[in-house]
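A.B. asks: Generate coordinates for the sequence data below:
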Amino acid sequence: MPLLPLALLALAPSFAADKPAVTFKGRPIDVKAYIEGFPYKNFNFSLETGRLFFVKKGDKETLLETSFELGKTVDLEKGKPLTDVDYAKRNLWGAVASKATGKLYTMGDEDNTEITNIYEYVPGGAFKKLTEQKYIYSLQMSPDGKKIAYSARSGPQEFTPGSIGYVDLETGKPVTLWEDSKALRTNWASIAWSPDGSKIVTSVVCDEDRTHKTLLLLSAAGGPGKTLLDCSVKRSVYPTTQWIDDGNFVFMTDETGNSVAHRFELTTGKSTPLTDPKWNLDDAVVLEGKAVRLVALERKPITNVLHVIDPSNGRILSSREYPASLAFMEGDRSALLISLNSTVVPYEIHSAALDGDELKLAKIVDYGDELEKKIVHCSAEKVSYETFDKFSAPGETQTLHAFLYSPLRPAKGDDARLLVLAFYGGVNTYSAKIHMLCNAGYYVLSPAPRGSWDWGREFHDKMQGDLGGGEILDVVLGAQAYAKQLGIPAKHVGAFGGSHGGYATLRALTLTDEVDGYKPAFRFGFGLSDYGISDLVRYVKTSNIPGWVTDMTSEDPAKNPAKWLDRSPQTHACRASGPLLLTHGSNDKRVSVEESRRMFAALKACGRTQDVYYELPEQGHGYKGTGPLVKYYQTMFGFLETLK
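C.D. replies: Numbers count the residues shown, from 1 in each chain. As a prediction, the model looks like this:
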């Protein structure tokens, strides 16, 4: 049972369930505009069938279908409901249509617990489960539309025995192609079919060490499989979803630092790099127009670049830079769907196709100007600040990159506040939460501390063996620098974040006097932790993805409990430097709800009275549904309004 279910509802400012808005210090915040103003999400395009599957948000989240044409605006209001299933209470991680059967197939769970499987949609609204797995990592439709390949594990924990197989869509039966072992384990990875449908390539983990991966080639007819890369090399690796031809495919690996796209030739086993190792390569896909080309996405702090490359020799044929963050969504050999957003552009979807050797984009989905006026309340600028140890981020000089969000109507005097994103920051993307905070008059700093993902492997690996150390000091130094610049006292500066960011928030507020030989002089005044980790040793025993932490600790924390309990916020709960709001979903399997329950109990045992715990029933790792989201933001702003 939760310690304090729905504990803070009485603290919320003026609010009514039928009018989801918050008034914060006299400022109206239209929460509903952020949640439902653009009421659609989870876009799954089936390029071969011209069908689009997506979810409509609300108190109940509904799966819809409509048709689309590349290059033309999609009328999402024409989406037709497919089922009465409420996707606020379950996860949808993929939806694909088969050109062979004409049917829809989904990947997800039934209760937000991340026990994921493949389901066949039955006209009338039901779903037929086609697999019996504990966790399916990924799926991919075969070129003829008759099979769905998948990578899975059989147990709730990472590195339990797994397999790679496919569902025969004509019979509805799963077929196992390969069973893993401790030497080679299934894990998160894309799956790529050869154009003739005879082969599958994916990546697997070597010796249950997620920092060492290899490519695995399988015959669709079955057999032992063949590893294509040396397991002794430290790397992340995954194939692009489209092959160049039946004898050549493209994969990405970061074994030399930044991720680089390579062409692999099956006949020779030769691997040839195709992209510049200086790029922070985010993704790549094979497209075919007049010729087969590789489209590569290079990520920079403020801009992204799309490159069109000749995959036979790596020559760049064209490039175009965008002042936004892009992400590849769906693609086949003829076209690609790309999402786009930035600090001040909420969301767009573009279709992309080759015109000669140029990639042409056409916007097919956006929020519209009127809604953007309601939900954009910040300006944002790229800033830099000094590190505690003179460490430099790529492109910086003894500094780290960040975005500073300034409210269009900042609070004045003693009401001025600064919130610092504790992890997953520094990216040129839109955040509804950040813009709500700007709406309330808050400044927000979004830094990219060491260990962040978008800066290459060397930058990411700076956190290995030091989780809760240098990356937390990076956040503290950012808070100190911009509190001084903005003239905001430390007691009015808070940290916030979810998951790893929730851990970082708790850690930042409970820091010991000395960390990594450095004595931080700044102390946060308050914190907002969503589904954060409070005990690293306990987390590894209860999470369905414990390898996420052991990658950063470089060991099982249970083997060195003195160090990792010292880096655990619960150990130092009584040192918390200000009031804390903790929130958690009761069905979270990535970070167990016990992490927040026990942290709150530890805080209470210290005699503290201003901390608040709010548990969201039936919610998982992240919150969905208008009702739960409204209550969450009501709780957050209610907590913030109690702070002095």
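
A.B. asks: so where does Thr73 fall, helix or strand?
C.D. replies: Thr73 is part of no helix or strand, with elements assigned from DSSP states H and E.

A.B. asks: what's the closest non-adjacent residue to it?
C.D. replies: Ile364 (5.6 Å; C-beta to C-beta, 6 or more residues apart in numbering). Where C-beta positions appear, they are placed from N, C-alpha and C, glycine not excepted.

A.B. asks: Show the backbone phi and psi for the one you found.
C.D. replies: phi -120, psi -10 (degrees, to the nearest 10).

A.B. asks: change the start of the numbering to 23 and stick with it
C.D. replies: Yes, from this point I'll number from 23; that puts the last item at Ile386.

A.B. asks: wait, it sits on Leu362?
C.D. replies: No. The pair Ile386 / Leu362 is not scored as a contact, 11.1 Å apart, by C-beta atoms under 8 Å.

A.B. asks: The two: who's more crowded?
C.D. replies: Leu362 (22 against 19; other C-beta atoms under 10 Å).

A.B. asks: how about low-confidence regions in this protein?
C.D. replies: 23-42 (pLDDT under 70).

A.B. asks: Longest strand in it, by number of residues?
C.D. replies: strand 231-241 (DSSP state E).

A.B. asks: CA atoms of that one as PDB?
C.D. replies: The C-alpha coordinates for strand 231-241 follow below in PDB (Å, rounded to 0.1, in the frame of the first residue of the first chain):
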ATOM      1  CA  ASP A 231      28.000  -6.900 -20.300                       C
ATOM      2  CA  ARG A 232      26.000  -4.200 -22.100                       C
ATOM      3  CA  THR A 233      29.200  -2.300 -23.000                       C
ATOM      4  CA  HIS A 234      30.300  -5.200 -25.300                       C
ATOM      5  CA  LYS A 235      27.900  -6.000 -28.100                       C
ATOM      6  CA  THR A 236      28.200  -7.900 -31.500                       C
ATOM      7  CA  LEU A 237      26.100  -8.300 -34.600                       C
ATOM      8  CA  LEU A 238      24.200 -11.600 -35.000                       C
ATOM      9  CA  LEU A 239      23.200 -13.000 -38.400                       C
ATOM     10  CA  LEU A 240      20.400 -15.500 -38.600                       C
ATOM     11  CA  SER A 241      18.800 -17.500 -41.400                       C
END
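
A.B. asks: residues touching Ile331, list them.
C.D. replies: Ala283, Leu296, Thr297, Arg315, Leu316, Val317, Ala318, Arg337, Ile338, Leu339 (C-beta atoms under 8 Å, 6 or more residues apart in numbering).

A.B. asks: which residues pair with it across the strands?
C.D. replies: Leu316, Ile338 (DSSP bridges).

A.B. asks: now it: how far from Tyr561?
C.D. replies: 41 Å (C-beta to C-beta, to the nearest Å).

A.B. asks: Provide the backbone phi and psi angles at Ile381.
C.D. replies: You called it Ile, but residue 381 is Leu. According to degrees, to the nearest 10, Leu381 has phi -100, psi 120.

A.B. asks: Specify the beta-bridge partners of it.
C.D. replies: Residues in beta-bridge contact with Leu381 (DSSP bridges): Leu376.

A.B. asks: what about it, how many neighbours?
C.D. replies: 22.

A.B. asks: Could you do Lys541 as well?
C.D. replies: For Lys541, the count of nearby residues is 10 (other C-beta under 10 Å).

A.B. asks: how close does the nearest residue to it once chain neighbours are set aside sit to Tyr141?
C.D. replies: Leaving aside its sequence neighbours, Lys541 sits nearest to Asp535 (C-beta to C-beta, 6+ apart; 6.1 Å). Here the criterion is C-beta to C-beta. By it, Asp535 lies 53 Å from Tyr141.

A.B. asks: between those two, which one's more packed in?
C.D. replies: Neighbour tally, Asp535 and Tyr141, criterion other C-beta under 10 Å: the higher count belongs to Tyr141, 22 against 7.

A.B. asks: I figured that one hits Lys150, correct?
C.D. replies: Yes. If you go by C-beta under 8 Å, Tyr141 and Lys150 touch, sitting 6.3 Å apart.

A.B. asks: buried sites along the helix or strand Val387 falls within?
C.D. replies: Per DSSP H and E: Val387 is located in strand 380-388. For strand 380-388, burial by neighbour count (16 or more other C-beta atoms under 10 Å) applies to Leu381, Leu383, Ile386, Val387, Asp388.

A.B. asks: next one: stretch 415-433
C.D. replies: For stretch 415-433, by 16+ other C-beta under 10 Å, it's Ala415, Pro416, Glu418, Thr421, Leu422, His423, Ala424, Phe425, Leu426, Tyr427, Pro429, Ala433.

A.B. asks: where's it relative to the chain centroid, distance-wise?
C.D. replies: 21 Å (C-alpha atoms, centre = their mean, to the nearest Å).

A.B. asks: out of everything not next to it in sequence, what's closest to Ile360?
C.D. replies: His372 (4.9 Å).

A.B. asks: Can you name the residues that contact the one you found?
C.D. replies: Neighbours of His372 in contact, by C-beta under 8 Å, 6+ apart: Leu359, Ile360, Ser361, Leu362, Leu383, Ala384, Lys385, Ile386.

A.B. asks: Recalculate using a threshold of 7 Å.
C.D. replies: Ile360, Leu362, Leu383, Ala384, Lys385, Ile386 (C-beta atoms under 7 Å, 6 or more residues apart in numbering).

A.B. asks: beta partners for it?
C.D. replies: Ile360, Lys385.

A.B. asks: same question, Gly607
C.D. replies: With DSSP bridges as the rule, Gly607 is bridged to Leu638.

A.B. asks: wait, it sits on Tyr553?
C.D. replies: Yes. Between Gly607 and Tyr553 a contact is recorded at 6.4 Å, counting by C-beta atoms under 7 Å.

A.B. asks: what residues do these two have in common as contacts?
C.D. replies: His643.

A.B. asks: Compare neighbour counts for those two and give me the winner.
C.D. replies: Between Gly607 and Tyr553, Tyr553 has the larger neighbour count (other C-beta under 10 Å), namely 28 against 25.
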